[in-house]
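here are the coordinates; sequence isn't available:
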């Protein structure tokens, strides 16, 4: 007997109205063949339809690896719950992903949770508990007193409750059964035992499999290799066949490691890339921001990094010689996805590390995060308002969700938020050690009231003794109980017209004298 089956046989078990959970981290470990197969089957037969989908993380790149965008079809998708959602502009069409268009057009129910909540919720489903209880997210967009994580007006059912437990407020996420789980692994034998030897991340594979099987559901995995029983060391088989129902064998071409990379052993720690061979971040404002933020890191402290300029911190440190010799081992960087050590990479390769030293699955990683073990965090920001609220989850026509932002920000001791001072058309240059604003961005990021509440920064500073800074290309702020303190300004920048006039509110304090940002940050000339 074998658990290998055709794609058609495996997907035929999915019924109309089922709840489906899928692993995947952008292009990493995405079961793209399975997701596309569901879409193709719906197009051909009209079934399965009215599905509910759980994606702990944004899955696919909406280009070469369609991921969650495959199922963005009216009638196929009823509701989606995602920790994050894809937002890239297609390089050829200039359009946003189809799923994002459906959300903006209110065509489906859409909810977004903190990614760590999604991971931990799977564990509660697996252990058949009533639900997941947490303080993380109180006062943010996931709180039912705010909007309960709802991203569309058609999202009516409450997936989260606010309850009292021993006199204190908690968010409670009731469990519900998951009928189908979609996984991706590298290899399987006839018994369905899964190993992940070519995968740089494990993500939610194990959490989803246990939750689905505890619900009495069906687990389907796609793999690129079929191996003999007993041919692999047991310690590389991360998921036993007892938790897997169907295995679909796909061509390697259908299962690239990640966007733009067919296979690269550097992400598995099998080959070590030299620091001099790492890509260099382009000379621009993001590099200025990343370099300034890198000065907030400490040796022998676990730091967790988010997307954008924050994720470029290790690459800038490598370029600056901070990792020469064995010095790289003095620093430990990770992301919300569980790769430890080495260098966090940028762009579509963000989430996994080059030259990693260790890897844990997504559920374990959020235990680390929620346990406060990541002392330092560098994260992006889209808006910061007069009340000390930060927004990265919903702004303008972009609805990315929060990813692991809420979990990370709530539990770290030291926070650095990175981003440009304004956005939408900002053009800058550096000449002779001075920053020039060639064209100001059309949209302010320091706003009176944020469009969405992703995290209450000032509350964390006041109530939990967090330390928080905001690093931009032209200014550095500290967050205090009375508001923002402007503590550094870039050389060449006018305080009134290029900082204060570009904010909807005044900083609580401007340092006198106001120190200049270090000249090293503006040593490379460029024009955007």
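Thanks, I have it. Owing to the predicted nature of the structure, the values given are computational and were not obtained by experimental measurement.

what residue lies at the spatial centre of the protein?
residue 403 (4.2 Å; Cα atoms, centre = their mean).

give the contact list for residue 78.
By Cβ atoms under 8 Å, 6 or more residues apart in numbering, the residues touching residue 78 are 17, 50, 51, 52, 108, 109. C-betas here are computed from N, CA, C, even on glycine.

Look up the closest residue to residue 446, ignoring the ones flanking it.
In this structure, residue 446 finds its nearest non-sequential neighbour in residue 503, 4.0 Å apart by Cβ to Cβ, 6 or more residues apart in numbering.

And that neighbour, how close does it get to residue 472?
Going from residue 503 to residue 472 by Cβ to Cβ, to the nearest Å gives 11 Å.

who has more neighbours, these two?
Between residue 503 and residue 472, counting by other Cβ atoms under 10 Å, residue 472 is the more crowded of the two (26 against 20).

does the more buried one really touch residue 426, like I thought?
No. Counting by Cβ atoms under 8 Å, residue 472 does not reach residue 426; the two are 10.5 Å apart.

tell me, what's touching those two both at once?
residue 420.

So this protein: which segments form each domain?
7-252, 275-423+444-512 (automatic domain parsing).

got JSON lines for those, with mean pLDDT too?
Output for those, formatted as JSON lines (pLDDT from 0 to 100):
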{"stretch": "domain 7-252", "mean pLDDT": "96"}
{"stretch": "domain 275-423+444-512", "mean pLDDT": "97"}
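
Residue 268 is nearest to which of those?
domain 7-252 (6.2 Å; Cβ to Cβ).

quick one on the thing from earlier: which of the contacts of residue 78 has the most neighbours?
Neighbour max across the contacts of residue 78 (other Cβ under 10 Å) = residue 51, 24 neighbours.

Please list all residues in contact with that one.
With Cβ under 8 Å, 6+ apart, residue 51 has these contacts: 14, 16, 17, 18, 19, 20, 38, 71, 76, 77, 78.

Near residue 100, how many other residues are there?
22.

same check, this time on residue 436
16.

element containing it, please.
strand 434-439 (DSSP states H and E).

what distance separates that strand from the centre of its chain?
31 Å (Cα atoms, centre = their mean, to the nearest Å).

by contact count, what packs against that strand?
strand 427-431 (3 or more Cβ pairs under 8 Å, 6 or more residues apart in numbering; DSSP states H and E).

on that earlier part again, I'd say the residue nearest to the centre of the chain and residue 83 touch.
Yes. Residue 403 lies in contact with residue 83 (Cβ under 8 Å); the separation is 5.8 Å.

what sits against residue 491?
433, 434, 435, 516, 517, 519, 522.

Any figure for the gap between the first one and residue 282?
For residue 433, the distance to residue 282 (Cβ to Cβ) stands at 19 Å.

And residue 78, by the same measure?
Residue 78 is 42 Å from residue 282, by Cβ to Cβ.

Can you show me the strands along the stretch 201-350 of the chain?
For the stretch 201-350 of the chain, the strands defined by DSSP state E, counting those that start in this stretch occupy 218-223, 225-226, 237-239, 246-249, 302-305, 332-334, 339-340, 343-344.

Dump those strands to JSON lines, plus distance to residue 163.
Output for the strands of the stretch 201-350 of the chain, formatted as JSON lines (distance: least, Cβ to Cβ, whole Å):
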{"stretch": "strand 218-223", "distance to residue 163": "32"}
{"stretch": "strand 225-226", "distance to residue 163": "47"}
{"stretch": "strand 237-239", "distance to residue 163": "34"}
{"stretch": "strand 246-249", "distance to residue 163": "38"}
{"stretch": "strand 302-305", "distance to residue 163": "29"}
{"stretch": "strand 332-334", "distance to residue 163": "32"}
{"stretch": "strand 339-340", "distance to residue 163": "35"}
{"stretch": "strand 343-344", "distance to residue 163": "37"}
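
To residue 356, which of those strands lies closest?
Nearest to residue 356, of the strands of the stretch 201-350 of the chain and by Cβ to Cβ, is strand 339-340 at 4.7 Å.

Could you list the residues in contact with the closest one?
Identification of contacts with strand 339-340 by Cβ under 8 Å, 6+ apart yields 200-201, 267, 332-334, 351-353, 356-360.

Pull the number of nearby residues for residue 9.
Neighbours around residue 9, by other Cβ under 10 Å: 12.

which element is it on?
Element membership of residue 9, judged by DSSP H and E, is helix 7-11.

Show me which positions of that helix end up buried.
7, 10, 11 (16 or more other Cβ atoms under 10 Å).

hang on, the earlier thing: tally of neighbours for the residue nearest to the residue nearest to the centre of the chain when sequence neighbours are not counted?
Nearest residue to residue 403 in three dimensions, chain neighbours excluded: residue 84, at 4.1 Å (Cβ to Cβ, 6+ apart). Other residues within reach of residue 84, judged by other Cβ under 10 Å, total 29.

How about residue 216?
Counted with other Cβ under 10 Å, residues neighbouring residue 216 total 9.
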